[in-house]
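*Asks:* Provide a 3D model corresponding to the input given below.
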Amino acid sequence: MTLHQNLVAAQSVGVALSTTPKGLTSIKDPACSAAIWKREPLRRFQTWIDSLNPKDLPRARIMLRAEMVRDAMTDLTEAFGLADCAERTMLIDDIAALAAMFSSIMDSRYLRLRLDVVTTNACRKFHIDAVTARLLCTYRGKATQYGNGTKGENPQQIHDLPTGSPMILRGTDWPSAATPGLLHRSPPIEGTGETRLVLVLDPITDIESDETYGHVH
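*Replies:* Predicted structure coming up:
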């Protein structure tokens, strides 16, 4: 993973890039503000999800234990009328696997899961989330943009997270110091006719008092 880290370090300080899921654990490294698992979606899956009618794309905001995610996503996709096929199973399996990995990395049994369908310039300003950490993965459409900069100002260099690649970002509530200045936002797509499907996972430490959902990315 060192080579990939060096390559991305020249573009955005504090970002660890890996081609394996184990690379997501880099978020715990002292100098790391974000960890990316760069992967290429299967063509058959991407063709399937890109061809779905936007109104049929599943969406949800739920809090649950990580081990319940698979059943919840199965029920959700059935409720939205998605036909039982290999590609639907891929989506369910991937969300469940990411939830399990994120839960383990963050040592958090409970997660807040959002599956958002985005057609506007939601959360278009660069920012840092008011959470401990957040996992983002865009299954359809343009993915999250990020770069180093001052809060309230756009980074001089903006980088695009590849579609289908999970990213874990530290938030302002991370318990130790992180490399400052790593900002991110939703890509501006309003007026393009594009539809994004975005998975957002947050760890929950106090499920009784947590009621916030935060930004769309």
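*Asks:* What is the neighbour count of C85?
*Replies:* 10 (other C-beta atoms under 10 Å). All C-beta spots, glycine's among them, are computed from the backbone N, C-alpha and C.
*Asks:* So what's the residue count around the residue lying closest to it once chain neighbours are set aside?
*Replies:* Residue nearest to C85 in three dimensions, not counting chain neighbours: W48, with 7.5 Å by C-beta to C-beta, 6 or more residues apart in numbering. W48: 19 surrounding residues under other C-beta under 10 Å.
*Asks:* A helix includes W48, no?
*Replies:* Yes - assessed by DSSP: H, G, I helix; E, B strand; the rest coil, W48 belongs to a helix.
*Asks:* Could you check how far it is from A100?
*Replies:* Using C-beta to C-beta, to the nearest Å, W48 is found at 23 Å from A100.
*Asks:* Quickly find the element holding M73.
*Replies:* Per DSSP states H and E: M73 is located in helix 69-79.
*Asks:* Just the pLDDT at G149, thanks.
*Replies:* G149 is assigned a predicted lDDT (pLDDT) of 82.
*Asks:* Next, the residue positioned nearest the centre of the chain: phi, psi?
*Replies:* Centroid-nearest residue in the chain, with C-alpha atoms, centre = their mean: L136, separated by 0.5 Å. Dihedral angles of L136 (phi, psi; degrees, to the nearest 10) stand at phi -120, psi 140.
*Asks:* ok, S186 to L82 distance?
*Replies:* From S186 across to L82, the span is 24 Å (C-beta to C-beta).
*Asks:* which one of those two has more residues nearby?
*Replies:* It is S186, of S186 and L82, that has more neighbours when counted by other C-beta under 10 Å, with 24 against 19.
*Asks:* Not counting residues beside it along the chain, what's closest to the more buried one?
*Replies:* C123 (4.5 Å).
*Asks:* Now that neighbour: which helix or strand?
*Replies:* C123 belongs to no helix or strand, assigned by DSSP H and E.
*Asks:* which residues touch the helix or strand hosting G147?
*Replies:* Using DSSP H and E, G147 falls within strand 145-148. Contacts to strand 145-148, defined as C-beta atoms under 8 Å, 6 or more residues apart in numbering, come from residues 12-15, 34, 126, 154-161, 167, 169, 181-187.
*Asks:* quick one: strands adjacent to it?
*Replies:* strand 159-160 (antiparallel), strand 182-185 (antiparallel) (DSSP bridges).
*Asks:* following the longest one, which helix or strand comes up?
*Replies:* To tie it back to what came earlier, the one meant is strand 182-185. strand 196-204.
*Asks:* again with the shortest one
*Replies:* Per DSSP H and E, strand 159-160 leads on to strand 167-170 as the next helix or strand towards the C-terminus.
*Asks:* So which elements touch that following strand?
*Replies:* Packing partners of strand 167-170 (3 or more C-beta pairs under 8 Å, 6 or more residues apart in numbering; DSSP states H and E): strand 34-37, strand 133-140, strand 182-185.
*Asks:* okay, these in JSON lines with mean pLDDT next?
*Replies:* Below are the helices and strands packed on strand 167-170 laid out as JSON lines (pLDDT from 0 to 100):
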{"stretch": "strand 34-37", "mean pLDDT": "96"}
{"stretch": "strand 133-140", "mean pLDDT": "97"}
{"stretch": "strand 182-185", "mean pLDDT": "91"}
